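Engineer: this one's structure only:
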């Protein structure tokens, strides 16, 4: 049977404006209870992560291993124009309308039935923005009658969901210093919370909270020791304690003043402990010999009180990070039983190649194990989860060399990580995490460097190479209780898109080759694929509309890999850019199969 695919009309650039069409949206306000229950509902997706805890698990089972081969495209919406590059967004769906962000800080509302554009907003970006890793945007947040997203010049924008009209715009940080926002913000009980990027420019990583209705600043929390946090009363800052208690505890001299640690990926919410669980990025500069010490709270996971920004607990995956193993990767809440007791756990797969299971009430280390095939910078983890360093695995100190470079070392994994930003998923049915990962290594060396505002603050050089001849990407199913890799699917090019799993025993993810794929969640058997015409580095969602199950994903090759991939670039050099929102459904007549 041949099906027509109606394409959304091409979106024309608009500067800080919106365009509407005659579509009745009947938008209903999104409440915090709606967000708390998003992981249980089937007719909407109103949070990044398909639930505030970020499990990316859908209870829908209409689409399953028996009928997924009948999944078919029903419409596709083009982002249009010349502004392509990487498309890393996760769509949202509410009241028959889909909201999706695109590269260069753009946002669309699209009719979820037909794929026709309802309105478009495009930020007017200044010259001189400095995003390190492509002009991506990873999604929006919905609350009340508004939709929110961040821009590459480090602003937050609030729009009317029905019309796209601007409600308020808030400058969060200084883009000229290297700040940017690419992550989806999160709303926790009326507070709009975001982190900022910029770790490669020596910024001080900071988390910000605003009143979602008015845009008024509520609190700020720098994540580097020695910097003051604030709460705002009547628009005035009130000191709320120095992060870490004082300066210089784990930093030498004044290195903490440009310490990095950017929380650039945003976070998720654990309702059980009323905590924002968020990761922090690499310390600045990369040359770790300039900053002996643990360099808190870089390359860490933090539990933050969303009411005032207080740090409840921290877990540092890579103290004195010398490899750019950002600790920003998502922290996912989940429960399991052990010895007859319920464990309130949180899991995270780090760029450094280790998978960590933590107690989300205290941050205490429960267990950790490697999920990457090869790790050379550390020999393992001690009983507290601290890495046991390989002395030969750290790039050399330039001060010990007669030249300007320190000794070069081979390090596994590469700085792009055994897993990067692309989110994993957790199945409540199988008890497994599904991790989009990569096997690559780097030659890395250190160089002298000094801080200058708005300039790269690395003090290191590198080249990246594939570990294997025939594959780089590996989709892994991992048991967090044992560390066992239950199954794996290898992919020639790196995996850079997110993962979703469903009660239909399915796992979905995309590939740079352009495919959206579905796998059997229990066995890893590939069951279905569709080529979208460009690399898939976004994250799929699923929902139900009028009795039929739908799947959507954004397609558009880009992100950090083409920019920083070294020899890996040879694998992906012929991949086409794009910008398309694809929507598929299982027709009702196949639902019973």
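Structural biologist: Right, received. Where do you want to start? Remember, it's a predicted structure, so these values are computed and weren't measured experimentally.
Engineer: number of nearby residues for residue 546?
Structural biologist: By the measure other CB atoms under 10 Å, the count of residues near residue 546 is 10. C-beta: built from backbone N, CA, C; applies to glycine.
Engineer: residues in contact with it?
Structural biologist: Counting by CB atoms under 8 Å, 6 or more residues apart in numbering, residue 546 touches no other residue.
Engineer: quick check: phi and psi on it?
Structural biologist: phi 50, psi 40 (degrees, to the nearest 10).
Engineer: distance-wise, check it relative to residue 445.
Structural biologist: For residue 546, the distance to residue 445 (CB to CB, to the nearest Å) stands at 58 Å.
Engineer: residue 213 too?
Structural biologist: 50 Å.
Engineer: comparing the two, which shows the higher neighbour count?
Structural biologist: The neighbour count for residue 213 versus residue 445, taken as other CB under 10 Å, is higher for residue 445 (22 against 15).
Engineer: and the nearest residue to that one once chain neighbours are set aside, what pLDDT?
Structural biologist: Setting aside the residues directly before and after it, residue 445 is nearest to residue 408 in space (CB to CB, 6 or more residues apart in numbering), at 4.2 Å. Model confidence at residue 408, given as pLDDT, is 96.
Engineer: over to residue 437?
Structural biologist: 98.
Engineer: ok, it touching residue 475?
Structural biologist: Yes. Residue 437 is in contact with residue 475 according to CB atoms under 8 Å; the separation is 7.5 Å.
Engineer: what residues are shared contacts of these two?
Structural biologist: residue 495.
Engineer: between these two, tell me which one has more neighbours.
Structural biologist: The neighbour comparison of residue 437 against residue 475 (other CB under 10 Å) goes to residue 437, with 26 against 23.
Engineer: the helix or strand where that one lies: how far from the chain's middle?
Structural biologist: According to DSSP states H and E, residue 437 maps onto strand 433-438. Computed by CA atoms, centre = their mean, to the nearest Å, the separation of strand 433-438 from the middle of its chain amounts to 13 Å.
Engineer: direction included, what does the helix or strand following it pair against?
Structural biologist: Next helix or strand after strand 433-438 toward the C-terminus (DSSP H and E): strand 440-446. Partners of strand 440-446 in the sheet, by DSSP bridges, are strand 409-411 (antiparallel), strand 460-466 (antiparallel).
Engineer: can you get me a residue count around the nearest residue to residue 552 once chain neighbours are set aside?
Structural biologist: Excluding the flanking residues, the one nearest residue 552 by CB to CB, 6+ apart is residue 583, at 4.6 Å. For residue 583, the neighbour count with other CB under 10 Å is 23.
Engineer: burial count for residue 280?
Structural biologist: For residue 280, using other CB under 10 Å, the count is 31.
Engineer: OK, contacts around it?
Structural biologist: So residue 280 contacts 205, 223, 261-263, 297-302, 326-328 (CB under 8 Å, 6+ apart).
Engineer: circling back to that earlier point, so the residue nearest to residue 445 makes contact with residue 447?
Structural biologist: No. With contact defined as CB under 8 Å, residue 408 does not count as touching residue 447 (10.9 Å).
Engineer: tell me the pLDDT at residue 4?
Structural biologist: So residue 4 comes in at 32 (pLDDT).
Engineer: mind pulling the model confidence for residue 26?
Structural biologist: For residue 26, the model assigns a pLDDT of 61.
Engineer: now the strands for the stretch 201-350 of the chain?
Structural biologist: For the stretch 201-350 of the chain, the strands defined by DSSP state E, counting those that start in this stretch occupy 206-211, 217-222, 228-233, 236-242, 267-270, 275-279, 300-304, 311-316, 332-338, 341-349.
Engineer: let me have these in JSON lines, adding distance to residue 54, mean pLDDT and mean neighbour count as columns.
Structural biologist: Compiled in JSON lines, the strands of the stretch 201-350 of the chain are given as follows (distance: least, CB to CB, whole Å; pLDDT from 0 to 100; neighbours: other CB atoms under 10 Å):
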{"stretch": "strand 206-211", "distance to residue 54": "17", "mean pLDDT": "98", "mean neighbour count": "24"}
{"stretch": "strand 217-222", "distance to residue 54": "20", "mean pLDDT": "98", "mean neighbour count": "23"}
{"stretch": "strand 228-233", "distance to residue 54": "25", "mean pLDDT": "97", "mean neighbour count": "17"}
{"stretch": "strand 236-242", "distance to residue 54": "27", "mean pLDDT": "97", "mean neighbour count": "13"}
{"stretch": "strand 267-270", "distance to residue 54": "4", "mean pLDDT": "98", "mean neighbour count": "26"}
{"stretch": "strand 275-279", "distance to residue 54": "8", "mean pLDDT": "98", "mean neighbour count": "27"}
{"stretch": "strand 300-304", "distance to residue 54": "13", "mean pLDDT": "98", "mean neighbour count": "26"}
{"stretch": "strand 311-316", "distance to residue 54": "17", "mean pLDDT": "98", "mean neighbour count": "20"}
{"stretch": "strand 332-338", "distance to residue 54": "5", "mean pLDDT": "96", "mean neighbour count": "16"}
{"stretch": "strand 341-349", "distance to residue 54": "10", "mean pLDDT": "97", "mean neighbour count": "19"}
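Engineer: mind putting those strands into a markdown table with distance to residue 107?
Structural biologist: Output for the strands of the stretch 201-350 of the chain, formatted as a markdown table (distance: least, CB to CB, whole Å):
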| stretch | distance to residue 107 |
| --- | --- |
| strand 206-211 | 18 |
| strand 217-222 | 22 |
| strand 228-233 | 27 |
| strand 236-242 | 30 |
| strand 267-270 | 21 |
| strand 275-279 | 23 |
| strand 300-304 | 26 |
| strand 311-316 | 31 |
| strand 332-338 | 26 |
| strand 341-349 | 29 |
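Engineer: which residues touch the residue nearest to residue 445?
Structural biologist: 395, 396, 443, 444, 445.
Engineer: how does it look with 10 Å?
Structural biologist: By CB atoms under 10 Å, 6 or more residues apart in numbering, the residues touching residue 408 are 395, 396, 442, 443, 444, 445, 446, 461, 462, 463.
Engineer: among those, the buried ones, what's the ChimeraX command?
Structural biologist: To isolate in ChimeraX the members of the contacts of residue 408 that are buried, counting by 16 or more other CB atoms under 10 Å, one can use:
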select :395,396,442,443,444,445,446,461,462
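Engineer: closest to residue 228 out of the contacts of residue 408?
Structural biologist: residue 446 (31.2 Å; CB to CB).
Engineer: identify the bridge partners of that closest one.
Structural biologist: Assigned bridge partners for residue 446, using DSSP bridges, are residue 460.
Engineer: what about residue 251, how many neighbours?
Structural biologist: 23.
Engineer: may I see the buried residues of stretch 351-364?
Structural biologist: Quick answer for stretch 351-364 (16+ other CB under 10 Å): 351, 352, 353, 354, 355, 356, 357, 358, 360, 361, 363.
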